[in-house]
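Chemist: Provided below are the primary sequence and the corresponding predicted coordinates.
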Amino acid sequence: MNATLKFKLIVLFLLVFFSASLRSQNDTTRVYIYEIKDEIGKAAWRTTQKAIDEANQKKVDFIILHLNTYGGRVDIADSIRTKILNNAIPVLVFIDNQAISAGALISIAGDSIYMRPGGSIGAATVVNQTGEAVPDKYQSFMRSTMRATAEAHGKDTIISGGDTTYVWHRDPKVAEAMVDPIIKVPGISDSGQVLTLTAEEAIKVGYCEGLAKDIPEVLAESGLEAAELHYYEKDGTEKFITFLLSTGVQSILILLIIGGIYFELQTPGVGFPLGIAIAAALLYFAPLYVEGLAQNWELVAFVVGLILIAVEVFVIPGFGIAGVSGLVLVLTGLTLSLVDNVVFEFEGAAAFGKVVALFARVVLTTILAFVISIYISKKIGSSQWFRGFALTAAQEKSAGYVSADPHQKDMIGKVGEAYTVLRPSGRVMIENELFDAKAEIGYIEKGDKIKVIRDETGQLYVIKA
């Protein structure tokens, strides 16, 4: 065999080898997996957009949506289902427990549905935040959207003899029954209640292709166990938002908000503590607002509460209606901004329990913030770390320094008037002389008559005359 022939055979072998290798790589099925396991809100829509776009860039063969949700905003659910329906890549939905309300609409958009045993799909009646069904024009929209989503999967035409029968891949009436209690599904929903299907019932009516306990079982059930898997990963912004939404970080931010306000009220002017409180409030509410949890009225309640507390402290003496109302509004804003804006009639007690638990958490954190703030305020002066911020040079009496005006002691028992508002500290006028003073009880308005009851540590203590 001459050299030329050997060279040609080697080249032919290499071509066959690389061709087989490329064909093997091209034949590998690729699956992209992402999940929605929370309220259907802005975060779910953002995740779906990024996941499907990335799946198209990677040119995968299938997408698996790992879903577990009690519902959420219908408009966002409609956007997600439209994105799924208009995407060329087949989408398999794995219902890992629940696909309720808006979650049912998203699930039906998938090309195939697999459910965990014991899971549910349905209950898609549109409700408001109190769990009450909204007017029929909204229900009509939801019925038509659910029906259209089911119809989008097409139907088979069956000709038997001279008869033509159309069989839907997903019966639109079943989808409508999940919204409208009037629509009945024989053998499944005859009670006049909104339809919610178990996993077995969903298989029976063609709304579920099979049962699966986890993603590996979904892959096995759909014949994709040998597929190359790709997973959706959150970017830096999403990770930061997730970090801020963690229970521990939220509790720390509440501590900083309350602590900053407390320290600011103990010192004149606008300073560092208030800046800390504002920054903590922004970090607390911003991610909640972005994720669709915090509503405008909840933010307004928080701000109005702060204003009422400020009015109580700086304008109205004592702690009365304004102060109590402000505290309630602050706690309400902090609590309800954490609550999902989805409330179902059938889980009203559970929703109430969740609100109570969150309210208790916020209240306990607030109390802890006050305790820590009081403790720090007492220790801050004696702390070695803070001594660099204070004047520590000794001022000896022999050098002419005195702790206070000795003339102040002559004012004990005398009557004068408040030269400024005492809340509790301020200035008083006694016999045409001004003195620093502190109200013994409550606040004293400017111009009120006062009486000096004692002189202590260079400070006059007064009461209303």
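Modeler: Okay, I see it. Numbering: from 1, shown residues only.

Chemist: which element is the closest residue in space to Ala109 that isn't next to it in sequence on?
Modeler: Excluding the flanking residues, the one nearest Ala109 by Cβ to Cβ, 6 or more residues apart in numbering is Arg81, at 3.8 Å. For every residue, glycine as well, the C-beta is placed using N, CA and C. Using DSSP states H and E, Arg81 sits in helix 74-85.

Chemist: pull out the buried positions in the longest helix seen in the chain.
Modeler: Counting residues, the longest helix in the chain under DSSP state H turns out to be helix 348-379. The neighbour-count check on helix 348-379 (16 or more other Cβ atoms under 10 Å) flags Ala351, Leu358, Phe359, Arg361, Val362, Thr365, Thr366, Ala369, Ser373 as buried.

Chemist: can you name the next helix or strand after the helix holding Arg81?
Modeler: Following helix 74-85 in sequence, per DSSP H and E, is strand 91-100.

Chemist: and the next helix or strand past that next one?
Modeler: Counting by DSSP H and E, the next helix or strand C-terminal to strand 91-100 is helix 102-109.

Chemist: and that next one, what's its mean pLDDT?
Modeler: Mean per-residue pLDDT for helix 102-109: 96.

Chemist: same deal with stretch 154-174?
Modeler: The average of the pLDDT scores along stretch 154-174 is 81.

Chemist: using PDB, write out every CA atom in it.
Modeler: Provided in PDB are the C-alpha atoms of stretch 154-174 (Å, rounded to 0.1, in the frame of the first residue of the first chain):
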ATOM      1  CA  GLY A 154     -55.600  21.600  19.800                       C
ATOM      2  CA  LYS A 155     -57.900  18.700  19.200                       C
ATOM      3  CA  ASP A 156     -58.000  15.500  17.300                       C
ATOM      4  CA  THR A 157     -60.500  14.800  14.500                       C
ATOM      5  CA  ILE A 158     -62.000  11.300  14.700                       C
ATOM      6  CA  ILE A 159     -64.100  10.000  11.800                       C
ATOM      7  CA  SER A 160     -66.100   6.900  12.500                       C
ATOM      8  CA  GLY A 161     -68.500   5.800   9.800                       C
ATOM      9  CA  GLY A 162     -70.200   8.900   8.700                       C
ATOM     10  CA  ASP A 163     -69.700  10.700  12.000                       C
ATOM     11  CA  THR A 164     -67.000  13.200  12.800                       C
ATOM     12  CA  THR A 165     -66.000  13.800  16.400                       C
ATOM     13  CA  TYR A 166     -63.500  16.300  17.800                       C
ATOM     14  CA  VAL A 167     -61.600  15.400  20.900                       C
ATOM     15  CA  TRP A 168     -59.700  18.100  22.700                       C
ATOM     16  CA  HIS A 169     -56.300  17.300  24.100                       C
ATOM     17  CA  ARG A 170     -57.400  19.400  27.100                       C
ATOM     18  CA  ASP A 171     -61.100  19.900  27.500                       C
ATOM     19  CA  PRO A 172     -61.900  23.600  27.700                       C
ATOM     20  CA  LYS A 173     -64.900  23.000  29.900                       C
ATOM     21  CA  VAL A 174     -62.600  21.500  32.600                       C
END
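
Chemist: follow-up on the earlier one: isn't the residue nearest to Ala109 right next to Gly103, touching?
Modeler: No. Between Arg81 and Gly103 there is no contact under Cβ atoms under 8 Å: 10.5 Å.

Chemist: out of the two, which sits in the more crowded spot?
Modeler: Gly103 (30 against 23; other Cβ atoms under 10 Å).

Chemist: helices of the stretch 351-465 of the chain, start to end?
Modeler: Counting by DSSP state H, counting those that start in this stretch, the stretch 351-465 of the chain has no helices at all.

Chemist: all strands for it, in order.
Modeler: 415-418, 425-430, 433-439, 449-456, 459-464 (DSSP state E, counting those that start in this stretch).

Chemist: the longest one - contacts with which helices or strands?
Modeler: In this structure, strand 449-456 packs against strand 415-418, strand 425-430, strand 459-464, with contacts taken as 3 or more Cβ pairs under 8 Å, 6 or more residues apart in numbering; DSSP states H and E.

Chemist: now do that strand: distance to the chain's middle.
Modeler: Relative to its chain's centre, strand 449-456 lies at 52 Å (Cα atoms, centre = their mean, to the nearest Å).

Chemist: dump that strand to PDB, restricted to CA.
Modeler: The C-alpha atoms that make up strand 449-456 are tabulated as PDB, following Å, rounded to 0.1, in the frame of the first residue of the first chain:
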ATOM      1  CA  LYS A 449     -45.800  78.700  84.500                       C
ATOM      2  CA  ILE A 450     -43.100  76.500  86.100                       C
ATOM      3  CA  LYS A 451     -41.800  75.800  89.600                       C
ATOM      4  CA  VAL A 452     -38.200  74.600  90.300                       C
ATOM      5  CA  ILE A 453     -38.300  71.600  92.600                       C
ATOM      6  CA  ARG A 454     -34.600  70.700  92.700                       C
ATOM      7  CA  ASP A 455     -31.100  71.300  91.300                       C
ATOM      8  CA  GLU A 456     -29.200  68.100  90.400                       C
END
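
Chemist: residue ranges with poor pLDDT in the stretch 1-150 of the chain?
Modeler: 1-27, 128-132 (pLDDT under 70).

Chemist: give the contact list for the residue lying closest to Ile463 once chain neighbours are set aside.
Modeler: With sequence-adjacent residues excluded and distances taken as Cβ to Cβ, 6+ apart, Ile463 is closest to Glu440, at 5.0 Å. Neighbouring residues of Glu440 by Cβ atoms under 8 Å, 6 or more residues apart in numbering: Ile453, Tyr461, Val462, Ile463.
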